[in-house]
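S.K.: the sequence and its predicted three-dimensional model are supplied below.
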Amino acid sequence: MGAIRAGKDPKEFTKRIRGIKLIPHPWGEGVVNTHLVKHWEPPHSDSAWKYPPTHLSSTVVYREFVYFEGGVDIYLPDDTESWLVPILPFINSFGKQGGFFSFHSFEQAEPPKPTTHLVASDMKPNATWEKVSNFSGESKKPRDTDAWLSFRAELVSAGSTYKYYRFDEL
């Protein structure tokens, strides 16, 4: 969406960004809470024939929410500066569920050494705009593939429904 807001071709932008390595580095503090949430969704394909096209079924899903106070530095390869940096002010959410943020500034820096590693999701190397965008309102098949997300953090405490992290401020 940032590419569209910046007046760039989203198909070309998707081709370029799928091949680069972005390194997010949060700083500040955050709590990850796990919840079971009531969720409404279209019926699965095996039962969709029973319902009208606008029908939504109630279900319970497992979700993790991050309550975060701080910021996120995103490290980019040097060769992306000319085409990616102009789009950054038009990006205002990060991740599938969309945590909102505002672009602050761009400067040269070395990425920190990670201390914590999580399995995350990422766009596949063969991602195209048609495969990853739901801009048309159509539901898409999942595009996830296992990828490691590494960052610097200290686990301060944890329980059965939360993890409390303190992220390094470099």
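M.R.: On my side now, so go ahead.
S.K.: strands of this protein, residue ranges please.
M.R.: 23-41, 57-75, 93-94, 99-100, 116-121, 146-151, 153-158, 162-167 (DSSP state E).
S.K.: what angle do the second one and strand 23-41 make?
M.R.: Meaning strand 57-75. 170 degrees (axes from the mean of the first three to the mean of the last three CA atoms, to 10 degrees).
S.K.: which residue sits closest to the most far-flung residue of the chain relative to its centre, ignoring its sequence neighbours?
M.R.: The outermost residue of the chain, judged by C-alpha distance from the chain's mean C-alpha position using CA atoms, centre = their mean, is Lys50 at 34.1 Å. Distances taken as CB to CB, 6 or more residues apart in numbering place Pro43 nearest to Lys50, at 7.2 Å, with adjacent residues excluded. Any C-beta I mention is one placed from the backbone N, CA and C, and that applies to glycine too.
S.K.: hmm, the one you found is touching Pro52, no?
M.R.: No - counting by CB atoms under 8 Å, Pro43 does not reach Pro52; the two are 10.1 Å apart.
S.K.: higher neighbour count, these two?
M.R.: In this view Pro43 and Pro52 are compared by other CB atoms under 10 Å, and Pro43 has more residues nearby, 14 against 6.
S.K.: show me what contacts the more buried one?
M.R.: The neighbourhood of Pro43, defined by CB atoms under 8 Å, 6 or more residues apart in numbering, consists of 50-51, 55, 57.
S.K.: quick one, phi/psi of it?
M.R.: For Pro43, the backbone dihedrals are phi -60, psi 150 (criterion: degrees, to the nearest 10).
S.K.: what's the pLDDT at it?
M.R.: For Pro43, the pLDDT comes out at 78.
S.K.: from Trp49, how far out is the residue nearest to His55 when sequence neighbours are not counted?
M.R.: Taking CB to CB, 6+ apart as the measure, His55 lies nearest to Pro43, with 6.2 Å between them; neighbours along the chain are not counted. To Trp49, Pro43 is 9 Å away according to CB to CB, to the nearest Å.
S.K.: now the lengthiest helix in the chain, how far from the centre of its chain.
M.R.: Of all the segments assigned as helix in the chain under DSSP state H, the longest by residue count is helix 10-17. From the chain centre to the centre of helix 10-17 is a distance of 17 Å (CA atoms, centre = their mean, to the nearest Å).
S.K.: can you pull the buried residues of it?
M.R.: Under the neighbour-count criterion of 16 or more other CB atoms under 10 Å, helix 10-17 has 10, 13-14, 17 buried.
S.K.: low-confidence stretches in this protein?
M.R.: Residues of the chain meeting the criterion pLDDT under 70: 93-100, 118-127, 129, 131-149, 169-170.
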